[in-house]
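> with the input below, show me the fold.
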Amino acid sequence: MRNSKGLRALLGIAIVLGIAGWLMTWPSGAPKLGPPDHTPDPENGARVFSVAGCASCHATPGAGESGRLMLGGGLELPSPFGLFRVPNISSHAEDGIGSWTELEFLNAMQRGVSPEGQHYYPSFPYSSYARMSLSDIRDLWAFLTTLPPVEGVSLPHELEFPFSVRRGVGLWKRLYLRPDWVRDIAATQAQELRGRYLVEGPGHCGECHTPRDSLGGLEFEAWLSGAPSMDGEGRVPAISQSALADWPVSDLVYYFESGMDPEFDMVGGSMVEVQENLARLPREDLEAIAAYLKAPVVSSAAH
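Model prediction:
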């Protein structure tokens with residue numbers, strides 16, 4: 001009898017924990033009423049497309065410079081958690097995102113939720129895109145809808161348990177999906193504020209240049225201090241204020257524009273495409289990014 005009562009108690013606890021876990025991992029989207037009226041600006045959307053590096057991941061591999069707007073996906077991203085494959089985000093109605101609504105795009109970008117109500121894995125850097133302005137995301141959407149459709153669907157991810165359980169990403173989001181800024185900056189420094197927005201938001205620089213903990217979350221106390229490459233080959237360099245202490249702002253801007261550092265070495269590796277994207281931005285944005293990277297650290301926002 002006592003054993004029977006104990007089993008019933010354990011079963012009750014398991015059910016309660018199961019329900020709690022189910023609710024805690026529930027994908028949360030934006031209100032279905034949608035955002036307020038907005039006049040799309042595809043030109044600004046193209047600018048956001050460049051700083052966000054959309055082509056670097058989503059352009060069909062091997063397409064080259066002429067195919068950077070052919071967003072058929074297929075790039076493979078090795079990681080300690082398994083192999084991620086980048087999806088098709090072209091305007092193709094079946095294979096891409098051509099049948100999506102603007103609200104579904106907003107949910108994907110800022111909440112990491114698919115139109116089917118499933119979590120996206122954070123190999124898609126929505127934890128950085130969550131800091132983007134609503135107008136920039138809507139302009140990006142307007143630009144994406146002008147791009148050509150591309151046929152083809154990427155193969156599924158190859159992840160080991162427990163990372164293969166997509167629902168578990170809901171717990172990851174509770175720990176790491178926070179739209180607050182990483183670094184505090186004096187509100188009077190307009191250029192540095194613009195740079196912070198570009199670096200911490202659409203540019204998602206911290207996703208590669210900041211170390212991660214065992215669950216894949218960014219270690220904000222080591223912001224931009226360099227990190228092991230996610231593919232296990234080499235290390236991504238530090239771009240923190242201390243690491244760039246000997247770089248004048250003018251040299252940083254020239255590096256963004258040309259790919260050449262103060263010692264006349266050319267950019268290499270995965271940074272080549274990042275630099276090519278940066279070179280498409282107006283000079284004032286490059287100066288803002290440099291100003292933010294060079295700014296003394298006042299404090300780090302709580303995370």
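
> got the contact list for stretch 55-72?
The contact list for stretch 55-72 (Cβ atoms under 8 Å, 6 or more residues apart in numbering) reads 49, 54, 73-75, 77, 86-90, 95-96, 144, 147-148, 150-152, 270, 273-274, 277. For every residue, glycine as well, the C-beta is placed using N, CA and C.

> and if we set it to 10 Å?
46, 49-50, 54, 73-77, 84, 86-92, 95-97, 123-125, 143-144, 146-154, 270, 272-274, 276-277 (Cβ atoms under 10 Å, 6 or more residues apart in numbering).

> from those, which land in strands?
Secondary structure from DSSP state E places 76-77, 84 of the contacts of stretch 55-72 in strands.

> just give the closest residue to the residue most central in space within the chain, not the sequence neighbours.
Here the mean C-alpha position of the chain is nearest to the C-alpha of Pro125 (Cα atoms, centre = their mean), at a distance of 2.0 Å. Leaving aside its sequence neighbours, Pro125 sits nearest to His204 (Cβ to Cβ, 6 or more residues apart in numbering; 4.3 Å).

> hang on, the residue nearest to the centre of the chain packs against Thr210?
No - applying Cβ atoms under 10 Å as the test, Pro125 and Thr210 come out as separate, 11.6 Å apart.

> mind listing the strands for the chain?
Using DSSP E, strands in the chain cover 76-79, 82-85, 158-159, 183-184, 227-228, 235-236, 299-300.

> export those strands to CSV and tack on mean neighbour count, distance to Met132 and mean pLDDT?
Compiled in CSV, these are given as follows (neighbours: other Cβ atoms under 10 Å; distance: least, Cβ to Cβ, whole Å; pLDDT from 0 to 100):
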stretch, mean neighbour count, distance to Met132, mean pLDDT
strand 76-79, 15, 21, 90
strand 82-85, 18, 22, 94
strand 158-159, 14, 27, 93
strand 183-184, 16, 16, 90
strand 227-228, 16, 22, 90
strand 235-236, 15, 22, 88
strand 299-300, 11, 20, 58
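
> tabulate these (a markdown table), appending distance to Arg196.
Below are the strands of the chain laid out as a markdown table (distance: least, Cβ to Cβ, whole Å):
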| stretch | distance to Arg196 |
| --- | --- |
| strand 76-79 | 26 |
| strand 82-85 | 28 |
| strand 158-159 | 33 |
| strand 183-184 | 6 |
| strand 227-228 | 20 |
| strand 235-236 | 20 |
| strand 299-300 | 12 |
